[in-house]
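quick check, what structure comes out for this input:
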Amino acid sequence: MTIIDATVGVALLCVPFEGTGRWGERRQVERCKAERAIVDFDPSGLDGAERETFTRLAHRGVVDLERLLLKGAVRREPVRFVVSARVDMSRTFGRTVLLPLRRVKSREAPYLHETVHALLPSPHRSTWLTEGLACYLESWVAENVGGYDAHVFSGAGDRRIHEAARGHLRSARGRHVLPWVGVTGEPPRLFEDRAGVARPFYVLAHSFTKYLVERLGLSIVVGLAGGRNPEEALARLTGRDAAAWRADWLSASPRAQR
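Numbering: from 1, shown residues only. The predicted structure follows:
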């Protein structure tokens with residue numbers, strides 16, 4: 001049935017649908033459609049109200065992030081989300097976002113983070129910027145516009161991320177991943193060791209990206225993230241290479257984020 005949400009004016013259509021899985025298999029899903037988001041849910045695990053609530057969140061997240069990232073550019077097709085118990089970890093493939101059903105149910109799914117990946121392809125291997133920008137926008141949008149922050153790697157949010165980064169830099173794990181912040185590549189076992197490698201790396205990448213946004217502006221950093229060589233472009237635009245920017249970030253005076 002079609003439901004009009006009087007709060008945000010979003011028309012939703014939720015119906016059973018036979019979809020195609022990643023390996024070509026046919027499976028039944030509950031598909032909910034809004035203007036900027038299509039969500040395929042497992043038939044069980046969430047009730048109708050939960051499915052509608054998440055579809056509104058996904059739609060609003062896409063709209064809010066498009067305003068920040070596209071700046072008047074022509075919008076493409078809606079972002080597709082797949083919410084399933086068969087998904088073990090949130091991932092994005094093109095404009096399709098995969099989310100674990102249990103995390104959607106508990107409102108801990110990093111849907112804003114993954115939507116950034118869907119809207120802003122990264123044709124480079126500078127993982128610090130790809131993930132740092134997604135972390136930054138997830139937290140900033142949740143704190144200043146709407147939706148929620150999944151807090152996958154830190155409960156600091158955006159306001160206290162520099163403080164969280166300083167804490168990681170005092171640890172051996174933080175110092176171990178630091179060399180991959182601001183350079184091409186990623187630390188070994190980033191996806192295998194989520195607590196020991198991914199957690200400090202994502203926090204440091206978020207903090208460094210936020211530092212650049214605070215000094216250069218979001219549009220510049222988004223442009224870097226969408227280019228083929230962010231470090232080279234950063235040096236060309238600012239006259240200072242990424243190593244110099246990272247040194248400034250590391251030496252910045254400690255202060256509580258307000």
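
where does the stretch 151-258 of the chain dip in pLDDT?
Counting by pLDDT under 70, the stretch 151-258 of the chain has low-confidence residues at 253-258.

need the helices for it, in chain order.
Remark: helices assigned in the stretch 151-258 of the chain by DSSP state H, counting those that start in this stretch are 161-169, 172-177, 199-216, 218-225, 230-238, 242-251.

same thing with the stretch 1-150 of the chain?
Using DSSP H, counting those that start in this stretch, helices in the stretch 1-150 of the chain cover 48-69, 101-105, 111-119, 127-144.

want to try a markdown table for those helices, with distance to Val15, mean pLDDT and mean neighbour count as columns?
Backbone N, C-alpha and C define where each C-beta goes, glycine included. Shown next, in a markdown table, are those (distance: least, CB to CB, whole Å; pLDDT from 0 to 100; neighbours: other CB atoms under 10 Å):
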| stretch | distance to Val15 | mean pLDDT | mean neighbour count |
| --- | --- | --- | --- |
| helix 48-69 | 11 | 97 | 20 |
| helix 101-105 | 19 | 98 | 19 |
| helix 111-119 | 21 | 98 | 25 |
| helix 127-144 | 29 | 98 | 24 |
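
and these as CSV, adding distance to Ala244?
Formatted as CSV, the helices of the stretch 1-150 of the chain follow (distance: least, CB to CB, whole Å):
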stretch, distance to Ala244
helix 48-69, 27
helix 101-105, 39
helix 111-119, 26
helix 127-144, 15
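
and Val82, which of the ones you listed is closest to it?
Closest to Val82 of those, according to CB to CB: helix 101-105, at 9.6 Å.

residues in contact with that closest one?
If you take CB atoms under 8 Å, 6 or more residues apart in numbering as the criterion, helix 101-105 is touched by 41-42, 45-46, 50, 54, 83-85, 87, 90, 109-111, 150.

just how off-centre is it within its chain?
Offset of helix 101-105 from its chain centre (CA atoms, centre = their mean, to the nearest Å): 17 Å.

likewise stretch 35-55?
Relative to its chain's centre, stretch 35-55 lies at 20 Å (CA atoms, centre = their mean).

hey, C-alpha coordinates of that stretch in CSV?
Taking C-alpha atoms only, stretch 35-55 is exported to CSV below (Å, rounded to 0.1, in the frame of the first residue of the first chain):
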residue,chain,number,x,y,z
GLU,A,35,11.8,8.7,-4.4
ARG,A,36,15.6,8.4,-3.7
ALA,A,37,15.8,4.9,-2.1
ILE,A,38,14.7,1.4,-3.0
VAL,A,39,15.0,-1.1,-0.1
ASP,A,40,14.8,-4.9,-0.5
PHE,A,41,14.1,-6.6,2.9
ASP,A,42,14.1,-10.3,3.9
PRO,A,43,10.5,-11.3,4.1
SER,A,44,10.9,-12.0,7.9
GLY,A,45,12.9,-10.3,10.7
LEU,A,46,11.3,-6.9,10.5
ASP,A,47,7.7,-5.9,10.7
GLY,A,48,6.0,-3.5,8.3
ALA,A,49,6.5,-0.4,10.5
GLU,A,50,10.2,-1.2,10.9
ARG,A,51,10.6,-1.6,7.1
GLU,A,52,8.8,1.7,6.5
THR,A,53,10.8,3.6,9.1
PHE,A,54,14.1,2.4,7.7
THR,A,55,13.0,3.2,4.1
